[in-house]
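>>> Sequence first, predicted model second:
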Amino acid sequence: MRGFLIGSVRSGSGKTTVSLGLMRALRRQGCSVAPVKCGPDYIDPAFHAVAAGRAGVNLDSWAMPPATIDDLSGRATAGADVVVAEGLMGLFDGVGSEAGRTGSSADIAARLGLPVLLVHDVSGQSSSAAAVVLGVKLFDPRLKLLGVVLNRVGSARHTRLARSAIEGIGVPVLGALARLPGLELPERHLGLVQAEETADLDARLDAIADAVAAAVDLDRLLQLAPPLRLPAAAGLTRLAPPGQRIALARDAAFTFLYPHVAELWRQAGAEILPFSPLADEGPDASADCCWLPGGYPELNAGRLAAATNFLAGLRRFAATRPVHGECGGYMVLGAGLVDAAGQRHAMAGLIGLETSFAQRRLHLGYRRAKLIAATAFGTAGATFSGHEFHYASVLTTGGDAPLAEVSDAHGGAPGPEGSRRGPVSGSFFHLIARLD
């Protein structure tokens, strides 16, 4: 098995385009491609799975203990020919100062021994690109720079100047991509429009793969990538399921549950029973717990408010069994949601939360949560890592008891977050791993 991590010095350099193109192109050559996404991201991995034809995994050096990274990477890459990991933000961008635990893509590359394929946007520069590449090569002695793919080259002369300068410092240039008008994937406020909502996704991915395969020397890339010795899955990762039979909301409004979370629940013996609130389906009456993941309730608030069977079924379920909501799911458990146009939509009313998107405010970052009281997914005092990413404003929590004491990654004092009312709980916190 060989592999590499695709990184860049900043967001917007073309990592996702190159990652998807390489995954699909290598798959078309007959390789079994194991996709990996660094950091907290729900949307890119869904595109990875379609491009590679194989489910991937998120790996996160801040949120996951090293043993968890080893275990999940072993599970996700078993039997693969090539591991293609996509970084987040800039290659070295993270939080905190604990060595190897900053949340950066560089930490994952170093932990797994993945060399870095640098995607470098050379618009506005030519020979100066070599200075940037040299900085990347020297900045972190843990990493090996496999090569560079130039992105947004303007001409053959532009490519020649940048290539000559970079190869002059001993770094191979493995390809050069011009601007690719018409191949951009559509975006919205939390990132790309979700894979399941993207029309003609396979055709789009094939077009991206055609462009990347024509511009990048795939054979040389694989020859330069060293053999990997990733750890075998050791069964060390534990994330207790919230029930034996879990009713899991799953449609375009509820998609933000990490694949490894559901997989660990299954491996612990739980059965997952998906249902679609947008199709006006309620949770399975035979389940003993209901979980509403995050997603895009703000884009579907009218349909959810009109889904009478879903709302009535959820209320009946919550009368006797635990229900938990994360972020978007938390908002749906509340009394009401005000959309971007200022219209209020009644939600389930199982907690007193009222949220609004009329005045957007970004909430983003890693979180650690310590449960204040026992819930379906943990005892009082249990500690979890996760993150928060949304634009909602809280109008009121309705006086419900908080779910957890939550702190950020920057040393801020913990504060009460989330809501509890009987067997119903929720928060803006997205679960990644258990830490205690």
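Alright, I've got the coordinates.

>>> What's the local residue count around Q267?
The number of residues packed around Q267, counting by other C-beta atoms under 10 Å, is 15. Yep, even glycine has a C-beta here, placed from its N, CA and C like the rest.

>>> do the same with A404
Close neighbours of A404, defined as other C-beta under 10 Å, add up to 27.

>>> mind listing what it touches?
By C-beta atoms under 8 Å, 6 or more residues apart in numbering, the contact list for A404 reads A369, K370, L371, I372, P416, E417, G418, S427, F429.

>>> Need the buried ones from these selected in PyMOL.
Listed next is the PyMOL selection for buried residues among those, using 16 or more other C-beta atoms under 10 Å:
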select buried, resi 369+370+371+372+417+418+427+429
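
>>> Closest one of the contacts of A404 to D436?
D436 lies nearest to K370 out of those, by C-beta to C-beta, at 8.6 Å.

>>> Identify all contacting residues around whichever helix or strand that closest one is part of.
Assigned by DSSP states H and E, K370 belongs to strand 363-371. Residues from elsewhere that reach strand 363-371 (C-beta under 8 Å, 6+ apart): 40, 62-63, 95, 103, 378-392, 403-410, 414, 417-418, 427-429, 435.

>>> What of stretch 266-274?
Stretch 266-274 has contacts (C-beta under 8 Å, 6+ apart) with 238-241, 243-250, 262, 265, 283-284, 286-287.

>>> go with 6 Å
Residues outside stretch 266-274 that contact it (C-beta atoms under 6 Å, 6 or more residues apart in numbering) are P241, Q244, R245, I246, A247, L248, R250, D284, A287.

>>> what's the most distant pair in those residues?
Checked with C-beta to C-beta, the contacts of stretch 266-274 reach their widest spread between Q244 and R250, with 18.4 Å between them.

>>> Looking at the chain, which residue reaches furthest from the middle?
R157 (37.7 Å; C-alpha atoms, centre = their mean).

>>> In a strand, that residue, correct?
No - using DSSP: H, G, I helix; E, B strand; the rest coil, the assignment for R157 is helix, not a strand.

>>> per-residue confidence for it?
With respect to pLDDT, R157 scores 97.

>>> just the one 5 residues further on next, same as before
On pLDDT, A162 comes in at 98.

>>> just the contacts of stretch 266-274 now: which is nearest E196?
R250 (10.1 Å).

>>> ok, how many other residues are close to the residue nearest to the closest one when sequence neighbours are not counted?
Spatial nearest neighbour of R250, excluding adjacent residues (C-beta to C-beta, 6 or more residues apart in numbering): P274 at 4.1 Å. For P274, the count of nearby residues is 15 (other C-beta under 10 Å).

>>> What of the one 10 residues further on?
The burial metric for D284, expressed as a neighbour count using other C-beta under 10 Å, is 18.

>>> try A78
Residues lying near A78 (other C-beta under 10 Å) number 12.

>>> For it, what are phi and psi?
phi -60, psi 130 (degrees, to the nearest 10).

>>> now do the one 3 residues further on
Taking degrees, to the nearest 10, you get phi -90, psi -40 for the backbone angles of D81.

>>> quick one, what contacts it?
By C-beta under 6 Å, 6+ apart, the neighbours of D81 are C31, S32.

>>> do that again at 7 Å, thanks
When contacts are counted by C-beta atoms under 7 Å, 6 or more residues apart in numbering, D81 is found next to M1, C31, S32.

>>> quick one: it from E184, how far?
Separation of D81 from E184 (C-beta to C-beta, to the nearest Å): 29 Å.

>>> just V216 next, same as before
For V216, the distance to E184 - C-beta to C-beta - is 18 Å.

>>> Look at these two and report which has more neighbours.
A count of neighbours by other C-beta under 10 Å puts V216 above the other of V216 and E184, at 23 against 12.

>>> Skipping its backbone neighbours, what lies nearest that one in space?
In space, and not counting its chain neighbours, V216 is closest to G175: 3.2 Å by C-beta to C-beta, 6+ apart.

>>> who's the one you found bridged to?
Going by DSSP bridges, G175 is paired in beta bridges with V149, V216.

>>> list the contacts for it?
Residues near G175 by C-beta under 7 Å, 6+ apart: V149, A215, V216, D217.

>>> tell me the SS of P35?
Going by three-state DSSP: P35 is strand.

>>> Now do it against Q125, distance only.
Applying C-beta to C-beta, the value for P35 to Q125 is 30 Å.

>>> quick one on the thing from earlier: now, among the contacts of D81, which is nearest to G302?
Nearest to G302 among the contacts of D81: S32, at 42.8 Å, using C-beta to C-beta.

>>> my guess is that closest one meets A80, correct?
Yes - with contact defined as C-beta atoms under 7 Å, S32 counts as touching A80 (4.9 Å).

>>> Name the residue in Q244 and R250 with the higher neighbour count.
Between Q244 and R250, counting by other C-beta under 10 Å, R250 is the more crowded of the two (22 against 13).

>>> before we move on, back to that, take the contacts of G175 and lay them out in a markdown table including distance to Q223 and pLDDT.
Formatted as a markdown table, the contacts of G175 follow (distance: C-beta to C-beta, whole Å; pLDDT from 0 to 100):
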| residue | distance to Q223 | pLDDT |
| --- | --- | --- |
| V149 | 16 | 98 |
| A215 | 17 | 96 |
| V216 | 13 | 97 |
| D217 | 9 | 98 |
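
>>> Fine by me, thanks again.
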